[in-house]
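J.: coords please:
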Amino acid sequence: MGNELRHIAFIMDGNGRWAKKRHLPREFGHRAGVETFRRVLTHCRDLGIPFITVYAFSTENWKRPQHEVDALMDLLSRYLRECLRDAKKNKARFCFIGDPEPLSDALKAQIRDVESATSGYDSVVNIALNYGSRHELVQAFEKLVREGKTEFTEEDVDRALYTAHCPDPDLIVRTAGEKRLSNFLLWQAAYAEFYFTDTLWPDLSNREIDSIVADYSARVRRYGAVKEEPSSGANGKGDEAS
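T.: The predicted structure follows:
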């Protein structure tokens, strides 16, 4: 049974291991990962997928060595300049989900500029930056309390999340062999399909993405329901009396 794939999310794992295999500093893996992100983004949009989310930097990633964090922030700044320059060519709305507070003032200004310059496009790219799903949920509940709510519905929580502007992910892909969510889109992933691959993020090819999408399209999504099968009597025909 075919499925419409509207929203695909990637946990981009394996940059450091990619570099280590080549006896290079981890920073080289992150650079290669950015190149892969550019290509994957273009390919997914060519496939007609209107919503794409990537896990770029988690709230836990601040624990990494300072030189690696600095390199990641520098790569981000360069990418933001590129997004601003190519906004009309990309024709995609860039949204940064996560808590921007720990970021430098310069990065926060760049993010605001990119979000403003791309706000008019229908295709959406979410970049999860200083993102943690538990923190997102706490902030959502706090927001609802500030609004004066004492009881919440699922719809209330949905609209209070960072991802209120897009549907929940249909498919979450994690590279590099790990099989966990790592605090990524915990609420939004309630009915998502998952795909885990041993391929390191910088090595993820367009051909493998095509294979992943084909695998998703062949799945049956029941959302907790049961697919009804026609009942049959002793003669093999449907039992009309039941």
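J.: for this protein, which spans come out with low pLDDT?
T.: Counting by pLDDT under 70, the chain contains low-confidence ranges at 1-2, 224-242.
J.: got the residue ranges for the helices in it?
T.: 15-21, 26-46, 66-85, 87-90, 105-117, 133-146, 154-160, 206-217 (DSSP state H).
J.: want to try TSV for those helices, with mean neighbour count and distance to residue 126 as columns?
T.: Yep, even glycine has a C-beta here, placed from its N, CA and C like the rest. Below are the helices of the chain laid out as TSV (neighbours: other C-beta atoms under 10 Å; distance: least, C-beta to C-beta, whole Å):
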stretch	mean neighbour count	distance to residue 126
helix 15-21	19	19
helix 26-46	18	11
helix 66-85	15	13
helix 87-90	14	14
helix 105-117	15	11
helix 133-146	15	12
helix 154-160	14	15
helix 206-217	14	18
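J.: so can I have a markdown table of those showing distance to residue 5?
T.: What follows is the helices of the chain, written out as a markdown table (distance: least, C-beta to C-beta, whole Å):
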| stretch | distance to residue 5 |
| --- | --- |
| helix 15-21 | 25 |
| helix 26-46 | 9 |
| helix 66-85 | 24 |
| helix 87-90 | 20 |
| helix 105-117 | 25 |
| helix 133-146 | 22 |
| helix 154-160 | 20 |
| helix 206-217 | 6 |
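J.: Of these, give the one that comes closest to residue 124.
T.: Minimum separation from residue 124 across these (C-beta to C-beta) falls at helix 26-46, 10.3 Å.
J.: for the closest one, packing partners?
T.: helix 15-21, strand 51-58, helix 66-85, helix 206-217 (3 or more C-beta pairs under 8 Å, 6 or more residues apart in numbering; DSSP states H and E).
J.: In PDB, could you pull the C-alpha coordinates for it?
T.: Output of helix 26-46 as PDB, limited to C-alpha atoms (Å, rounded to 0.1, in the frame of the first residue of the first chain):
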ATOM      1  CA  ARG A  26      36.300  15.300  13.700                       C
ATOM      2  CA  GLU A  27      35.900  18.700  12.300                       C
ATOM      3  CA  PHE A  28      36.500  17.300   8.800                       C
ATOM      4  CA  GLY A  29      33.600  14.900   9.300                       C
ATOM      5  CA  HIS A  30      31.300  17.800  10.100                       C
ATOM      6  CA  ARG A  31      32.400  19.600   7.000                       C
ATOM      7  CA  ALA A  32      31.600  16.500   4.900                       C
ATOM      8  CA  GLY A  33      28.300  16.200   6.800                       C
ATOM      9  CA  VAL A  34      27.300  19.800   5.700                       C
ATOM     10  CA  GLU A  35      28.000  18.800   2.000                       C
ATOM     11  CA  THR A  36      25.800  15.700   2.400                       C
ATOM     12  CA  PHE A  37      23.100  17.800   4.000                       C
ATOM     13  CA  ARG A  38      23.100  20.200   1.000                       C
ATOM     14  CA  ARG A  39      22.800  17.300  -1.400                       C
ATOM     15  CA  VAL A  40      20.200  15.400   0.600                       C
ATOM     16  CA  LEU A  41      18.100  18.500   1.000                       C
ATOM     17  CA  THR A  42      18.100  19.100  -2.800                       C
ATOM     18  CA  HIS A  43      17.300  15.400  -3.500                       C
ATOM     19  CA  CYS A  44      14.400  15.200  -1.000                       C
ATOM     20  CA  ARG A  45      12.900  18.400  -2.500                       C
ATOM     21  CA  ASP A  46      13.300  16.900  -6.000                       C
END
